[in-house]
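Participant: Generate coordinates for the sequence data below:
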Amino acid sequence: MTEERKKIIIKEIKYWKKNHLLPEHYCDFLLMLYSEGEELEEETTKQSPRVSLLISTLVLAFSALGLTFIVIYFTSLSLQVQTLLNTLSLIFVGILAYYIKKKDIVLFHIMIAIGALIIFLASTTAVMNLEENYLFLTVTIFINCFIWLSAGLYWKLSYLKWSGTVGLILAATYYFAQ
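Facilitator: Numbers count the residues shown, from 1 in each chain. As a prediction, the model looks like this:
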């Protein structure tokens with residue numbers, strides 16, 4: 001078989017693998033067969049920078065969430081400084097989400113969830129620090145959950161729909177149980 005013909009077949013098998021026209025292990029077998037083992041080695045070396053990018057992005061995002069948690073619960077900073085640090089964490093996660101959106105959609109949705117958690121933690125803590133009134137806290141939780149539900153309906157994101165709905169039900173249950 002000529003080299004040009006092998007390249008065409010390999011290109012077609014890669015297309016099948018990318019679009020899930022054949023199971024991945026069949027495509028790997030065919031790629032190994034036609035490329036004599038060279039093609040699969042090239043793919044694994046190409047994916048390692050992508051994996052390290054994804055892991056480093058996850059570590060940075062969860063570090064921002066951890067920083068928010070530490071600033072809120074383990075420091076005695078003023079409310080203004082806490083708000084500033086939480087806002088910077090949220091902006092950082094937003095920049096990460098914007099940067100990663102085209103590279104990995106699953107990681108992008110993880111960034112959205114982390115951003116929602118940062119906003120939730122920051123807003124409920126700010127309300128409790130300003131005035132320890134559980135009515136204001138319940139209203140803040142209602143607002144957060146309503147925003148999650150609205151965003152989930154608008155962008156058709158099921159995890160935001162579910163978390164918003166469950167949060168609204170729990171907040172309503174808590175409010176009416178008092």
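Participant: remind me which residues of the chain are low pLDDT?
Facilitator: 1, 39-48 (pLDDT under 70).
Participant: how is this structure carved up into domains?
Facilitator: Here the domain parsing of the chain from automatic domain parsing is 1-36, 48-177.
Participant: which strands and helices sit next to the longest helix along the chain?
Facilitator: If you go by DSSP state H, the chain has its longest helix at helix 38-73. Packing partners of helix 38-73 (3 or more Cβ pairs under 8 Å, 6 or more residues apart in numbering; DSSP states H and E): helix 24-35, helix 79-100, helix 105-130. Where C-beta positions appear, they are placed from N, C-alpha and C, glycine not excepted.
Participant: For these, give me a markdown table that also has mean neighbour count and distance to Lys18.
Facilitator: A markdown table is the format used below for the helices and strands packed on helix 38-73 (neighbours: other Cβ atoms under 10 Å; distance: least, Cβ to Cβ, whole Å):
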| stretch | mean neighbour count | distance to Lys18 |
| --- | --- | --- |
| helix 24-35 | 15 | 9 |
| helix 79-100 | 16 | 20 |
| helix 105-130 | 18 | 15 |
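Participant: Figure out which of those helices is closest to Trp148.
Facilitator: Among these, helix 105-130 comes nearest to Trp148, with 6.1 Å by Cβ to Cβ.
Participant: Mind putting the helices and strands packed on helix 38-73 into a markdown table with distance to Ala177?
Facilitator: Output for the helices and strands packed on helix 38-73, formatted as a markdown table (distance: least, Cβ to Cβ, whole Å):
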| stretch | distance to Ala177 |
| --- | --- |
| helix 24-35 | 51 |
| helix 79-100 | 29 |
| helix 105-130 | 18 |
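Participant: Which one of those helices lies nearest to Leu53?
Facilitator: Shortest distance between Leu53 and the helices and strands packed on helix 38-73, using Cβ to Cβ, is found for helix 79-100: 8.2 Å.
Participant: how big is the angle separating the closest one from helix 38-73?
Facilitator: Put simply, helix 79-100 runs at 170 degrees to helix 38-73, going by axes from the mean of the first three to the mean of the last three Cα atoms, to 10 degrees.
Participant: contacts for helix 79-100?
Facilitator: With contact meaning Cβ atoms under 8 Å, 6 or more residues apart in numbering, helix 79-100 is reached by 54, 57, 60-61, 64-65, 67-68, 71-72, 75, 77, 107-108, 111-112, 114-115, 118-119, 121-122, 125-126, 129-130.
Participant: Could you pull up the residues touching the residue nearest the centre of the chain?
Facilitator: Among the residues of the chain, the one closest to the centroid is Ile110, at 1.2 Å (Cα atoms, centre = their mean). Going by Cβ under 8 Å, 6+ apart, Ile110 touches 58, 61.
Participant: got it, and the one 5 residues further on?
Facilitator: When contacts are counted by Cβ under 8 Å, 6+ apart, Gly115 is found next to 90, 93-94, 97.
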